[in-house]
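A.B. asks: Sequence isn't available, so here's the structure alone:
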């Protein structure tokens, strides 16, 4: 039985609700609604002008209504008088196809009809920087190899533990927090769950980390590559397919290579086959491609993929098989849309299953240092334009995810690329004034 938001407000002392949605660029939007009005909003939704967000709509479109999903309710740990709810977007009484959460729900329903249920977890990396965004917040964090640095981690104890305590209170099952490979960079992990649950938590986590960092006079950024010489922000996704009851992993097979079933390898074959197009979704910004195919960073490795390859427990590939029953897709970065990431991976995997795709043999090499030893290896797109063109050509992936969603995303991101291309940079001036 669904949660009654009005009753829940009285029980928990919630005075206001944030009725929220994430647009195609992953930007969280919301309206602040008093608890006295939540019963009507739960039924009819909060009204928004779609053109005001990153959606392919114009000012002539009718109102867009965000109908909250009561099961997604989160009481803000740092402001308990406010409840956050993820919402589904409707227009003219019908679900808005291009809305990211609607897109994921549509893919989940498609998978369920085929007897599948996607579960995933994400590794969210972020930097803690100064409020103006220009430098690291911790000037002492300067080690050449800062990953797991205990001193830098403990200097940010108050921020990291407040976020972790919040996740514990919310029942997410956080299990580890660390200082990552770049100076000023952190990663926090919590338990995997059904894809929609994880997507909602992923969206909320970014908002929560930013809010709590701001409370401490800092700024949290998930930008893929905020500093050219440091490792970028990845968002590795651990994915597994289950039966519809969620009881049996369909990727697990103790007789299979590395403990992966035949169906699992077909799923992987789909991900590999659609990898170039997936980049436009998993790496959605101009800045994303400063992280992919990047030169060696100050720590000695970028930890980001550069080839469309997979391996066993080997972090130099696009997909890693760390143990039986799951894949780690290492493609996505911090700018990825929390809903479109699992939707796209699921779409690619379902196509692989349908076609019995073969991912090829795994490669047990260091792809950073030994790539020249393997013939025929495909490179990941070098920039957003190449990725968008790959997605434009991949009609199968577009069809499975949803043509309206993909067309809208391509259109808006192409506008991004064109705007970037018109910018005159200091690098150009420094290198071509005297040409």
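C.D. replies: Looks like it arrived, so ask away. Treat the numbers as computed from the prediction; the structure is a model and nothing was measured.
A.B. asks: which helix of the chain spans the most residues?
C.D. replies: helix 195-215 (DSSP state H).
A.B. asks: In it, which residues are buried?
C.D. replies: 195-213 (16 or more other Cβ atoms under 10 Å). In short, each C-beta sits where N, CA and C put it, glycine included.
A.B. asks: can you give me phi and psi for the spatially closest residue to residue 364 that is not a sequence neighbour?
C.D. replies: Distances taken as Cβ to Cβ, 6 or more residues apart in numbering put residue 311 closest to residue 364, at 5.9 Å, once the chain neighbours are dropped. Here is the backbone geometry of residue 311 (degrees, to the nearest 10): phi -150, psi -170.
A.B. asks: Residue 311 and residue 366 touch, don't they?
C.D. replies: No - if you go by Cβ atoms under 8 Å, residue 311 and residue 366 don't touch, sitting 9.4 Å apart.
A.B. asks: Quick check on those two: which one has the bigger neighbour count.
C.D. replies: residue 311 (20 against 15; other Cβ atoms under 10 Å).
A.B. asks: that older thread, run through the residues that contact the residue nearest to residue 364.
C.D. replies: Taking Cβ atoms under 8 Å, 6 or more residues apart in numbering as the criterion, residue 311 is in contact with 317, 319, 320, 321, 362, 363, 364, 365, 367.
A.B. asks: Next up, the contacts around the third one.
C.D. replies: Going back to what we said before, that points to residue 320. 310, 311, 312, 313, 314, 327, 328, 330.
A.B. asks: Residue 41 belongs to a strand, doesn't it?
C.D. replies: No - using DSSP: H, G, I helix; E, B strand; the rest coil, the assignment for residue 41 is helix, not a strand.
A.B. asks: let's number from 36 now, not from 1
C.D. replies: Got it, the first residue is 36 from now on, which makes the last one we talked about residue 76.
A.B. asks: Settle this for me: it is touching residue 69, isn't it.
C.D. replies: No - applying Cβ under 8 Å as the test, residue 76 and residue 69 come out as separate, 9.6 Å apart.
A.B. asks: got any residues that touch both of the two?
C.D. replies: residue 52.
A.B. asks: neighbour count winner among the two?
C.D. replies: Higher neighbour count among residue 76 and residue 69: residue 76, with 23 against 11, using other Cβ under 10 Å.
A.B. asks: Could you grab the helix/strand/coil label for the closest residue to that one other than its chain neighbours?
C.D. replies: If the residues on either side of it in the chain are set aside, residue 76 comes closest to residue 68, at 5.3 Å by Cβ to Cβ, 6+ apart. Three-state assignment for residue 68 (three-state DSSP): strand.
A.B. asks: who's in contact with residue 68?
C.D. replies: 51, 52, 53, 54, 76, 81.
A.B. asks: again with residue 235
C.D. replies: 107, 121, 373.
A.B. asks: at 6 Å what do you get?
C.D. replies: 107, 121 (Cβ atoms under 6 Å, 6 or more residues apart in numbering).
A.B. asks: What's the separation between it and residue 469?
C.D. replies: 54 Å (Cβ to Cβ, to the nearest Å).
A.B. asks: Equivalent analysis for residue 252, please.
C.D. replies: 44 Å.
A.B. asks: Phi first, then psi, for residue 164.
C.D. replies: Dihedral angles for residue 164 - degrees, to the nearest 10 - are phi -130, psi 180.
A.B. asks: burial of it, as a residue count?
C.D. replies: Around residue 164 there are 22 residues (other Cβ under 10 Å).
A.B. asks: what bridges to it?
C.D. replies: residue 171, residue 254 (DSSP bridges).
A.B. asks: on that earlier part again, kindly reformat the contacts of residue 346 as TSV containing secondary structure.
C.D. replies: Converted to TSV, those look like this (three-state DSSP):
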residue	secondary structure
352	coil
354	strand
355	strand
356	coil
397	coil
398	coil
399	coil
400	coil
402	coil
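A.B. asks: From the residues you listed, list just the buried residues.
C.D. replies: 352, 354, 355, 356, 397, 398, 400, 402.
A.B. asks: Relative to residue 97, which of these is nearest.
C.D. replies: Closest approach to residue 97 among these (Cβ to Cβ): residue 354, at 42.4 Å.
A.B. asks: tell me the SS of the nearest residue to residue 335 once chain neighbours are set aside?
C.D. replies: Nearest non-adjacent residue to residue 335, counting by Cβ to Cβ, 6+ apart: residue 180, 7.0 Å away. With three-state DSSP as the basis, residue 180 sits in coil.
A.B. asks: which residues touch the helix or strand harbouring residue 420?
C.D. replies: For residue 420, the host element (DSSP states H and E) is helix 419-428. Applying Cβ under 6 Å, 6+ apart, the contact partners of helix 419-428 are 311, 312, 314, 315, 321, 416, 445, 448, 449, 452.
A.B. asks: which element follows it toward the C-terminus?
C.D. replies: Downstream of helix 419-428 (by DSSP H and E), the next one is helix 430-436.
A.B. asks: buried residues in that next one?
C.D. replies: Result for helix 430-436 [16+ other Cβ under 10 Å]: buried residues 431, 432, 433, 435, 436.
A.B. asks: of the residues you listed, closest to residue 392?
C.D. replies: Nearest to residue 392 among the buried residues of helix 430-436, counting by Cβ to Cβ, is residue 431 at 11.1 Å.
A.B. asks: In the helix holding residue 420, which residues are buried?
C.D. replies: So helix 419-428, judged by 16+ other Cβ under 10 Å, has buried residues 419, 420, 421, 422, 423, 424, 425, 426.
A.B. asks: same for whichever helix or strand residue 389 is part of, what does it pack against?
C.D. replies: Under the criterion of DSSP H and E, residue 389 resides in helix 375-390. If contacts are counted by 3 or more Cβ pairs under 6 Å, 6 or more residues apart in numbering; DSSP states H and E, helix 375-390 sits against helix 135-148, helix 297-308, helix 310-317, helix 430-436.
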